[in-house]
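> here you go, sequence then predicted model.
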Amino acid sequence: MKKYVVMCCVLATALQSCKNDSKKAVTEPNDKVKEITENYHQERLKLYPWEATTAGDDRYNNLMPNTLDDAYIKQTKDFFTKYKEQIASVKDEDLSENDLISKQLLLWECNINLERYAFKEELMPVNQFWSVILTTAQFASGQSMQPFKTVKDYNNWLERLESFKLWLASAQQRMKEGVTKGYVLPKALTVKVIPQLKDMTVSDVKTHLFYSPINTFPDTFTDAEKKELTDKYTKIISEKLIPSFTSLYNYVSTDYLAASRSTSGISALPNGDKYYQYLIKLYTTTDMTADEIHKLGLKEVERISAEMEKIKNQVGFKGTLKEFFNYVRTKKELMPFTKPEQVIAHYNGIYDRMKPNLDKIFDLKPKAGFEVRRTEAFREASASAEYNQPSLDGSRPGIFYVPLPDVTKYNTYDNESLFLHEAIPGHHYQIALQQENTSLPSFRKTIWFTVYGEGWALYAESLGKELGLYTDPYQYFGTLSLEIHRAIRLVVDTGLHTKGWTREQAIQYSLDHEAEGEESIIAEIERYMAIPGQALAYKIGQLKIRELRTKAEKELGDKFSIKEYHNQVLDAGCLPIKVFEDKINRWIEGKK
């Protein structure tokens, strides 16, 4: 990793200055930084009310801005410009190390968001993996982060749906504008969006996803309240949402589909090469080039493949590694389930087996609760396993979602590793501990850097043996499979978006080098097409966390404590790569 963002270099210099001149070291919190960061946080929650709802802050549960509107885009640009200027005016020498990190993180947030406006993201507002439509549908299910406990909760959602209707109309207009300016989805992705939209056009209101909260009224509601809300929901769904979805579906399935491009990568878009370099910076917090990342991926694929060969030989399989992949994919003993609840119990069993060993390598553990749930039916066909964070106050638990579109084909070979990543000690430990950390200003409790958060989760997969897992060679093969999956991402993501790879080339490369099934691989490749650059962050972050652990073990010898190392990784929340690296290096020097 030869290059890093300017922000990180500035921070490194400032931190070294603090270290070298103890007479000038500041330990007291800076009131100005506290005021600016808190104002930023509060204003941001109103500007991005989904974030407030996700955090369990119910003040803006009725708001849903039209993110595609020019006025809103200008408002957010002015917001980031204002706080960039305010925080930049505070002198580094007046700050403690914690406040200095807060300043640099806020500068990073403002700068990276301001850079985003150079690219016309609003002209491609819909894809099959991430979109306002999918988020709204998930909230509408009544089983997600939008609360439906009081009459006020139900009315808040009605207000959001009124705004959502406007967003749907704007999305159609923006997509038409995108067609005229060359910003369109690949046809392979448009084909996947069409059935998602069609599901929202069902004419029977009572079977519509957005009617779901009516089926789960709290027992405390009176009959009069239930009738009034039922009438309101029926009216808005039948008279506003279904017609809006139908209009968008008709457009996407005809004119937009016809205009969709045959290319797979965003280099085909106007300014696409610069956009991809921006996305690399956004998701990895580095200035690595696409070519550097591609070469790193090829090297990692080769290394992990050699480890997988050892497992293949251990279990006595005589064919090639690629043939072994097919064997694992189709091995009936690894697909033992007939009911979804069996899969949920299976994951809870993994947790029970590892619990006795968590104390051996972790001091810090979150207070927030945790659950395993099946992914909602409306999105599980194209969803990956994922984690949803708990509310800030801990009233809503962290949730590990498992998609089970066909439970009889659910293969268990990577489940221990998957649980370590998505649940414990992966995302649940890192995110919940960050939210519960009272030493962090409000905005840092919810800040997210993919390279750190996903890097930690991928590193967590490597802790399986220390936690009493991976005793079955197929489960260890599973963790190697998930690791090579992330290494493959470095190759195929950069291949798609900078080297002219087709969707089919990327699919074939994955099939040749990992044990995932073809259907799953297709969904993954189309994910990289929909959200370029995001998938790069996992491996880059993991490699840095593992590299620094190895360095600490070597330099500290008997003074090294795995608990202390994990404390150092987790106790400051999400950080850009270079900020995190400098923090660990200071800890190592201090321990010496």
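Nice, I can see it.
> would you list every one of the strands in the stretch 351-500 of the chain?
Taking DSSP state E, counting those that start in this stretch, the strands of the stretch 351-500 of the chain run over residues 370-374, 386-388, 398-402.
> can I get those in TSV with mean neighbour count and distance to L100?
(Glycine included, C-beta is placed from N, CA and C.) Putting these into TSV (neighbours: other C-beta atoms under 10 Å; distance: least, C-beta to C-beta, whole Å) gives the following:
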stretch	mean neighbour count	distance to L100
strand 370-374	16	33
strand 386-388	18	30
strand 398-402	23	30
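> need these in JSON lines (columns: mean pLDDT).
As requested, the strands of the stretch 351-500 of the chain are exported to JSON lines (pLDDT from 0 to 100):
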{"stretch": "strand 370-374", "mean pLDDT": "95"}
{"stretch": "strand 386-388", "mean pLDDT": "92"}
{"stretch": "strand 398-402", "mean pLDDT": "95"}
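> turn these into JSON lines, including distance to T263.
Compiled in JSON lines, the strands of the stretch 351-500 of the chain are given as follows (distance: least, C-beta to C-beta, whole Å):
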{"stretch": "strand 370-374", "distance to T263": "36"}
{"stretch": "strand 386-388", "distance to T263": "28"}
{"stretch": "strand 398-402", "distance to T263": "32"}
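> so which of those comes closest to F580?
For F580, the closest of those is strand 386-388, at 20.4 Å, according to C-beta to C-beta.
> follow-up on the earlier one: Y60 is nearest to which of the strands of the stretch 351-500 of the chain?
Closest among the strands of the stretch 351-500 of the chain, once you apply C-beta to C-beta, is strand 386-388, at 18.6 Å.
> ok so K149 is a strand residue?
No - going by DSSP: H, G, I helix; E, B strand; the rest coil, the assignment for K149 is coil, not a strand.
> need phi/psi at it.
Main-chain dihedrals, K149, degrees, to the nearest 10: phi -110, psi -20.
> and the gap between it and T54?
From K149 across to T54, the span is 17 Å (C-beta to C-beta, to the nearest Å).
> between those two, who's got more neighbours?
T54 (20 against 10; other C-beta atoms under 10 Å).
> how about the more buried one, nearest residue that isn't a chain neighbour?
M145 (5.3 Å; C-beta to C-beta, 6 or more residues apart in numbering).
> sorry, back to before: to I293, which of the strands of the stretch 351-500 of the chain lies closest?
Closest among the strands of the stretch 351-500 of the chain, using C-beta to C-beta: strand 386-388, at 23.6 Å.
> which residues sit against that closest one?
Applying C-beta atoms under 8 Å, 6 or more residues apart in numbering, the contact partners of strand 386-388 are 144-145, 375, 398-401, 422-423, 426-428, 431.
> how about 10 Å then?
54, 138, 144-145, 370-371, 373, 375, 396-403, 421-424, 426-428, 430-431, 453, 457 (C-beta atoms under 10 Å, 6 or more residues apart in numbering).
> related to what we said a few turns ago, any idea of the pLDDT on the residue nearest to T54?
Looking at M145, its pLDDT is 89.
> among the contacts of strand 386-388, which are located in helices?
Among the contacts of strand 386-388, DSSP state H puts 54, 138, 421-422, 427-428, 430-431, 453, 457 in helices.
> among those residues, which pair sits farthest apart?
It's Q138 and Q430 that sit farthest apart of those, by C-beta to C-beta, at 22.0 Å.
> who has more neighbours, these two?
The neighbour comparison of Q138 against Q430 (other C-beta under 10 Å) goes to Q430, with 26 against 20.
> residues touching the more buried one, list them.
364, 366, 387, 389, 452-457, 459-460, 569-570, 573-574.
> and of those residues, the nearest to I531?
Using C-beta to C-beta, E454 comes nearest to I531 of those, at 12.7 Å.
> count the neighbours of that closest one for me.
So E454, with other C-beta under 10 Å, has 26 neighbours.
> list the contacts for it?
283, 421, 426-427, 430, 448, 486, 534-542.
> counting neighbours, which of the residues you listed comes out on top?
Going by other C-beta under 10 Å, L536 tops these with 30 neighbours.
> and the helices in the stretch 251-400 of the chain?
For the stretch 251-400 of the chain, the helices defined by DSSP state H, counting those that start in this stretch occupy 257-259, 272-284, 290-314, 321-330, 340-361.
> lowest average pLDDT across those?
Averaging pLDDT over each of these puts helix 321-330 lowest, since it has a mean of 91.
> wait, doesn't the residue nearest to T54 sit right on T136?
No - taking contacts as C-beta atoms under 10 Å, M145 lies outside contact range of T136: 11.5 Å.
> now do the shared contacts for the two.
The contact lists of M145 and T136 share W50, where a contact means C-beta under 10 Å, 6+ apart.
> who has more neighbours out of those two?
T136 (24 against 19).
> just the buried positions in stretch 568-577, please.
Going by neighbour count (16 or more other C-beta atoms under 10 Å), the buried part of stretch 568-577 is 568-570, 572-577.
> now stretch 162-172
163-168, 170-172.
> list just the nearest of those to E35.
S163 (31.0 Å).
> how about K198: what's its closest non-neighbour residue?
Y249 (5.6 Å).
> in contact with the one you found, which residues?
Taking C-beta under 10 Å, 6+ apart, one finds 172, 193-201 in contact with Y249.
> from V193, how far off is it?
Y249 is 9 Å from V193, by C-beta to C-beta.
> from D363, how far out is the most centrally placed residue in the chain?
Closest to where the C-alpha atoms of the chain average out (C-alpha atoms, centre = their mean) is T450, at 6.7 Å. Separation of T450 from D363 (C-beta to C-beta) stands at 26 Å.
> how about L296?
32 Å.
> who's more crowded, the two?
Using other C-beta under 10 Å, the more surrounded residue of L296 and D363 is L296, with 20 against 13.
> surely that one meets D493?
No - look at L296 against D493 with C-beta under 10 Å: they stay out of range, at 11.8 Å.
> what about N98, how many residues nearby?
Using other C-beta under 10 Å: N98 sits among 18 other residues.
> ignore the last one, T246
T246 has 15 neighbours, counted by other C-beta under 10 Å.
> quick one on the thing from earlier: tell me which element the residue nearest to K198 is part of?
Here Y249 sits within helix 242-251, counting by DSSP states H and E.
> for that helix, what is the distance to the chain centroid?
29 Å (C-alpha atoms, centre = their mean, to the nearest Å).
> avg pLDDT for it?
98.
> with stretch 120-137 instead?
Stretch 120-137 comes out at a mean pLDDT of 95.
> rewinding a little: so which of the strands of the stretch 351-500 of the chain comes closest to K181?
It is, among these and with distance given as C-beta to C-beta, strand 386-388, at 32.7 Å.
> any buried residues in stretch 550-566, and which?
Here stretch 550-566 shows 552, 556, 562, 565-566 as buried, counting by 16+ other C-beta under 10 Å.
> before we move on, the earlier item: a markdown table for the buried residues of stretch 568-577, including secondary structure and distance to K74?
Listed next are the buried residues of stretch 568-577 as a markdown table, based on DSSP: H, G, I helix; E, B strand; the rest coil; distance: C-beta to C-beta, whole Å:
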| residue | secondary structure | distance to K74 |
| --- | --- | --- |
| Q568 | helix | 41 |
| V569 | helix | 39 |
| L570 | helix | 38 |
| A572 | coil | 34 |
| G573 | coil | 30 |
| C574 | coil | 28 |
| L575 | coil | 31 |
| P576 | coil | 28 |
| I577 | helix | 32 |
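> can you give me the helices in the stretch 1-150 of the chain?
6-20, 31-47, 49-55, 70-88, 97-116, 132-140.
> distance to V301 for those - can I get that in TSV?
Listed next are these as TSV, based on distance: least, C-beta to C-beta, whole Å:
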stretch	distance to V301
helix 6-20	28
helix 31-47	39
helix 49-55	35
helix 70-88	38
helix 97-116	29
helix 132-140	31
